[in-house]
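Trainee: I need the structure of the sequence given here:
(2 chains)
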Amino acid sequence: MAKALLNFHLHIEPTTSQYQIFPEKTQSSRKSQNHEPRIKHQTSSRSTTTCVNKRKFKRVESSISSIQRLLSYVNSGYLEAALQMFDKMHKSSTFVWNVIIRGLVDSGMFEEAIDLYYRMRFQGIKADNFTFPFVIKACAGVFGLKEGQNVHATIIKLGFDVDIYICNALIVMYAKVGCIEDSEKIFESMPVRDLVSWNSMISGYVSARDGWGSLICLQKMRKSGLKLDRFSYVSGLGACGLEGCLLSGKEIFCQVLRNGLELDSMIQSSLIDMFGKCGEVDYAERFCDKIAQKNIVVWNAMIGAYALNDKSFESFTCLEKMQDDENVKPDTITLINLLPSCSKLGALLKGKAIHGHAIRKGYLCHLVLETSLVDMYGKCGSVSLSERVFFHMKERNLVSWNAMIAAYVQSSNYREAIELFLTLQNEPCVPDETTFVSILNAYAEIALPNEGKQIHCHISKSGISSGTFVSNAVIHMYAKCGDLEAARKVFDGMLFKDLVSWNTIIMAYAIHGFGGYCFGLFSDMTNEGYKPNESTFVSLLTACSIVGLVDEGWKYFDLMKREYGLDPGIEHYGCMLDLLGRDGNLDRAKSLIEEMPLKPTPRIWGSLLAASRHHKNIELAEFAANNIFAFDNDNTGCYVLLMNMYAEVGRWDDVERVRRLMKKRGFERTTGCSVVECNGKTYTFSNYDKSHTESNVIYNVLDILSRKIGEEARSCSVSKFKPPDLLKATSNSPMCHSVRLAVCFGLISTSVGEPVLVRKNIRICEDCHSATKKISEITNREIVVGDSKIYHRFKDGRCSCGDYW
DNA sequence: GTAGGGTTAG
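Mentor: This is a model prediction of the structure:
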């Protein structure tokens, strides 16, 4: 082991970064980081300090006995020297083993400490009351419940379970590994409890993320007559931050002042952290400003408080102040705290600069830092960089997996998200609510009811499906997969609904075109005492725009401000534009964009573009499209829509121009595909797909249906006058579009009277929409097609969307 | 001669 430790490299060659946000004036020696084993190297450096140390050690070596020397190495943090020495020593006394195990624990080398404990016992050396506190701490350090339980069993067997030091260590260990009940049991059964026992229990609840439990325990401690100390206050403040309880936080602050503890740096950072977590960044700032000598932890807490409270710019200003004014160098945690600010600002370059700095400083590999990078890259829209970090990580935990899955979902890589989720099943990590919410969102975007049901069952089996977060995601998933009934069933069965549950179910009815139900649900919701928020009105206005209720739309648009004091956001304006566009009021739509107090986004111009397409106003479409193109983000749908409009009027030069623009920007047309579920299996079709085993039958049926609905190849609008050289460049004939193939297969594979449900990854085209209406009429079947935005219910030759989408 | 509780992190 000593050899392995000697080979431990702390130096990573610096790389250059284009974006310097961390001025490196001097090549200062790196501080030891929390995440790195804290080993002081006695050799392999030419610095003066080390020479002095060498001389110092020679003196030490010559003057004291080997045991004392071992102790002195451990106490000074020279673990390498201690390990070398330990290897050569006669190891018959428990004391020697205790000293070296402590050294490993103090250096954060928990696994090695546990290994050494077992080696000690294997060699017949008896562990004593000093050994166990170290070993228990090591078990807590690796979150090893099994190891902890094994050690605990030995403690009981040897009769050390009455030792107050050992019990206190066990309380902390069980809380950290997620068994707070065991901590409680030990605490309750202790014949004598001291200050540390109470503090261990109070901090234990914080580790278990039970802030109220911690505060109640603090209260009991006070009642028992004990005087609270700095450790009690620090944990208490952590509890207030967890629960967002500012009142209790302020009470503790007063006690801190009364006891003159406000100069304690640990309390200072805990106070800033508490204020930040309670949403009171101004308090945090005022308190922080008064601290004369701020250490790195205080700065990190302040940067974290800014980041948490959406003050991203301020978090960077704080970093500058820390570096320039106080000459404090950022550490791993500083970087971790800054990354969410990059995500919120969408500042990919800043994020990359932080990544570069971390590499240059040798802060990587670091589990939390790497996970934060995966998260940041995902949120900044660079999923490939998330992947690069994630797949190079030496160690991953559930949070890392969740960050990568979320990055996939965020970038619409739903299949990849699901695949990664399936890979996670083979890992020791157990998926949690966050995993399930992400994965449900992935299924919501691409799955059909049967697959949806399967993932719902999978989650139910895990036993954590009944939480409000997960249930809300299940409602959304079922609604998007086309099973509105299942969505409603989950909603009705919820024990604890929240505002999101109501907003989700209203949106569910909205996308399925049942506006009336939405308004009914809205009044149920307000009658039950829920106060609507911005999202509620997005759901309601979506319902109005999908159903085409202009007056209702304006009513809710006014109501949100007048009755609930909510300012309409970009999404609300988008819905109103959809509504005006549907109504054919293009002038009003245009003027609404000019009047609105917000900067138009691609979503806004997209609404105007859709309206222009529907009303065949190519000038307005060009105007809207040019505004979208100015944004440089991937709105492939808009490019295609404009190309199709140009194609319809035979403006082939313009088609080519837009196509080139798309190519130049590296945007590729999304390949349209449709899925249909038959007899519990999912079948995917692409345009002109002939890969299906039943393709012959499908194409025969399609041919018959096409003729019956009076549609032949030449009558399809887009390809009507298409020159042959552009056939490939623009659009294929819609006659064999994926949605029709899927509908045909659905019709022949399901029983008469059963509706056919198809999902399409992009919006349904005009030709297919019109054809499906006719197919529903001649086959006398209900056909439901969910496109990337809404559900179209085709029945008796009509569609629920009223021919506007 | 060795022991237990602590701050900032996804």
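Trainee: now the helices: where do they sit in the stretch 1-150 of chain A?
Mentor: All helices of the stretch 1-150 of chain A, identified by DSSP state H, counting those that start in this stretch, fall at A:2-6, A:48-63, A:66-76, A:79-88, A:94-106, A:110-122, A:131-141, A:145-157.
Trainee: Need the winner for burial among those.
Mentor: helix A:131-141 (a mean of 24; mean count of other CB atoms under 10 Å). Backbone N, C-alpha and C define where each C-beta goes, glycine included.
Trainee: Output the contacting helices and strands for it.
Mentor: helix A:94-106, helix A:110-122, helix A:145-157, helix A:164-176 (3 or more CB pairs under 8 Å, 6 or more residues apart in numbering; DSSP states H and E).
Trainee: Need those in CSV (columns: mean pLDDT and distance to DNA strand B).
Mentor: Below are the helices and strands packed on helix A:131-141 laid out as CSV (pLDDT from 0 to 100; distance: least, CB to the nearest atom of the strand, whole Å):
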stretch, mean pLDDT, distance to DNA strand B
helix A:94-106, 94, 3
helix A:110-122, 95, 11
helix A:145-157, 95, 11
helix A:164-176, 96, 4
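Trainee: what are the phi and psi values for the nearest residue to A:L608 once chain neighbours are set aside?
Mentor: Leaving aside its sequence neighbours, A:L608 sits nearest to A:A624 (CB to CB, 6 or more residues apart in numbering; 4.1 Å). Per-residue torsions, A:A624: phi -60, psi -40 (degrees, to the nearest 10).
Trainee: contacting residues for A:A624?
Mentor: By CB atoms under 8 Å, 6 or more residues apart in numbering, A:A624 lies in contact with A:605-606, A:608-609, A:612.
Trainee: Quick check: it vs A:I164, distance?
Mentor: 74 Å (CB to CB, to the nearest Å).
Trainee: And for A:T636?
Mentor: For A:T636 relative to A:I164 (CB to CB), the value is 67 Å.
Trainee: Likewise for A:A403?
Mentor: For A:A403 relative to A:I164 (CB to CB), the value is 41 Å.
Trainee: Tell me which of those two has more neighbours.
Mentor: Neighbours were tallied for A:A403 and for A:I164 using other CB atoms under 10 Å; the higher tally belongs to A:A403 (25 against 15).
Trainee: List the residues that contact the more buried one.
Mentor: A:371-372, A:374-375, A:378, A:386, A:390.
Trainee: For those, pick the one with the most neighbours.
Mentor: A:V374 (30 neighbours).
Trainee: ok, then the element right after the helix or strand harbouring that one?
Mentor: Element membership for A:V374, per DSSP states H and E: helix A:367-379. Sequence-wise, the next helix or strand downstream of helix A:367-379 (DSSP H and E) is helix A:383-392.
Trainee: and A:D483, how many neighbours?
Mentor: By other CB under 10 Å, the residues close to A:D483 number 21.
Trainee: Near the nearest residue in space to it that is not next to it in sequence, how many other residues are there?
Mentor: Excluding its sequence neighbours, the residue lying closest to A:D483 (CB to CB, 6+ apart) is A:P449, at 4.0 Å. By other CB under 10 Å, the residues close to A:P449 number 19.
Trainee: where along the stretch 151-300 of chain A do the helices fall?
Mentor: Per DSSP H, counting those that start in this stretch, the stretch 151-300 of chain A carries helices over the ranges A:164-176, A:180-189, A:195-207, A:211-223, A:230-243, A:246-258, A:265-277, A:281-290, A:296-308.
Trainee: Secondary structure class of A:F667, three-state.
Mentor: Secondary structure, DSSP: H, G, I helix; E, B strand; the rest coil: A:F667 is coil.
Trainee: Any chance of the backbone angles for it?
Mentor: For A:F667, the backbone dihedrals (degrees, to the nearest 10) come out as phi -90, psi 140.
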